[in-house]
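>>> Quick one: sequence plus predicted model below, questions after.
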Amino acid sequence: MAAKRKRSETEDTIRFIAKLALFVLILRSFIIAPFNIPSESMLSRLYIGDYLLVAKWPYGYSRWSLPWGVPLLPDMHWAQPTRGDVVVFRSPEVVEPGATSPSSHDVIKRVIGLPGDTIQMRRGQLILNGQFVPKQRVGDFALPITPNFAGKCPLGHQEVSQGQSICRYQRFRETLPGGRTYTVLDTEQGRDGDDTGLYTVPADTVFLMGDNRDNSADSRFAAPQGMGYIPQDRIEGRALVTFFSTDGSASYWKPWTWFSAARPERTGEGF
C-alpha cells in the first residue's frame, strides 16, 4: 500500500488561507458585516468615521448580500423593515461624472415609509399617511470639526467653544407611529426637500431618509440627485451597533495617532 503523501508547509498555508477566506465570505454575506460612515447624511446619530456592524439576516438575502452584488442568489426576503430601522442598501445604478458605465455603492439611511404609505414634507415637517409626525425641538447638536469633517459645516453654523471649532445644528426629536423615536437635524428652512409633493410608496419598496434632513440624497429625490424608492431586494441588512470611530487625524506612518484619533465614547451605541 502506497504511503500517503505528506503535504508541504506551503500547501497547508494555502489550504488555511482558503478556508479562512470562505469563512469570512460566509460571515460577511449571511451573518454580520462591518460598514463605515463616509458622509454626514445620518448626523446626529452617525458621524463620519464611525464603524458599525450590520446584521445581514433580519430581512432575508439577495444578490446584494454577496460582495460586489455577484448574481448568484435569488431574492429570498422573508420580512420587511420596520419604520425607523437604520438599513444599509445598494444604491440605484447611475453613471457618475467621467464614467462610461453605471455603478452603485452601499448607502445607509433610515426607513420612513413602507409599501402603501403616503409621505410628504411640508415646511420641514414629515407627514406620514396624512398625519403630521410629532417633531419636538430639543437641545442643539454641537459637533467638533475634526479632520474628517473639515469643510463640511454649513455657512453660519461654525463657531468656537472653549478653543474648539464646532458645527452647531438645530436638533429635533421625531416620533413615528408605534413610538419609534430618533433625532433629526434641520439646518435651515426653505431647503430642497423641506417641501415636497405627495409620495405613495410602491409595493416591494421602501422610502428612506437621512437624519440630517438638509444634507441627504434620499428617497425624496429621484436618481441621480437622490435615491428614489428603494426595492426591498437591494437592502443588505440592519444596523446593529457602533464598534469603532475615528476623527480622521490618524496617519499610517505615525502609529501613535491610531490611538489618539479614536473616539471610544462613540463605541457600543446600538440602534
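Received, thanks.
>>> Contact partners for the residue nearest to the spatial centre of the chain?
Compute the mean C-alpha point of the chain, and by C-alpha atoms, centre = their mean the closest residue is Ile108, 1.8 Å away. Counting by C-beta atoms under 8 Å, 6 or more residues apart in numbering, Ile108 touches Phe35, Ile37, Met42, Leu46, Val86, Val87, Val88, Phe89, Ala239. No exception for glycine: its C-beta is placed from N, CA and C like everyone else's.
>>> Same check on Trp78?
Contacts of Trp78 (C-beta under 8 Å, 6+ apart): Tyr59, Gly60.
>>> Ramachandran coordinates for it?
In terms of degrees, to the nearest 10, the main-chain angles of Trp78 are phi -120, psi 0.
>>> now do Val86
The phi/psi pair for Val86 (degrees, to the nearest 10) is phi -100, psi 120.
>>> Likewise for Ala55?
Residue torsions, per degrees, to the nearest 10, at Ala55 are phi -80, psi 130.
>>> burial of it, as a residue count?
Per other C-beta atoms under 10 Å, the neighbour tally for Ala55 reads 18.
>>> Let me see the contact set for it.
Ala55 sits next to Ile31, Ile32, Gly237, Arg238, Ala239, Leu240 when contact means C-beta under 8 Å, 6+ apart.
>>> I'd assumed Pro115 was in a strand, is it?
No. Using DSSP: H, G, I helix; E, B strand; the rest coil, the assignment for Pro115 is coil, not a strand.
>>> ok, it touching Tyr199?
No. Counting by C-beta atoms under 8 Å, Pro115 stays clear of Tyr199, with 11.9 Å between them.
>>> out of the two, which sits in the busier spot?
Tyr199 (18 against 15).
>>> Identify the residues contacting that one.
Tyr199 neighbours (C-beta under 8 Å, 6+ apart): Gly113, Thr118, Ile119, Gln120, Phe207, Ser219, Arg220, Tyr229.
>>> quick one: which two of these are the most distant?
Gln120 and Tyr229 (14.5 Å; C-beta to C-beta).
>>> re the thing from before, look up how far Ile26 lies from the residue nearest to the centre of the chain.
23 Å (C-beta to C-beta, to the nearest Å).
>>> do the same with Ser8
Applying C-beta to C-beta, the value for Ser8 to Ile26 is 27 Å.
>>> Number of residues surrounding Leu52?
Quick note: Leu52 (other C-beta under 10 Å) scores 25 neighbours.
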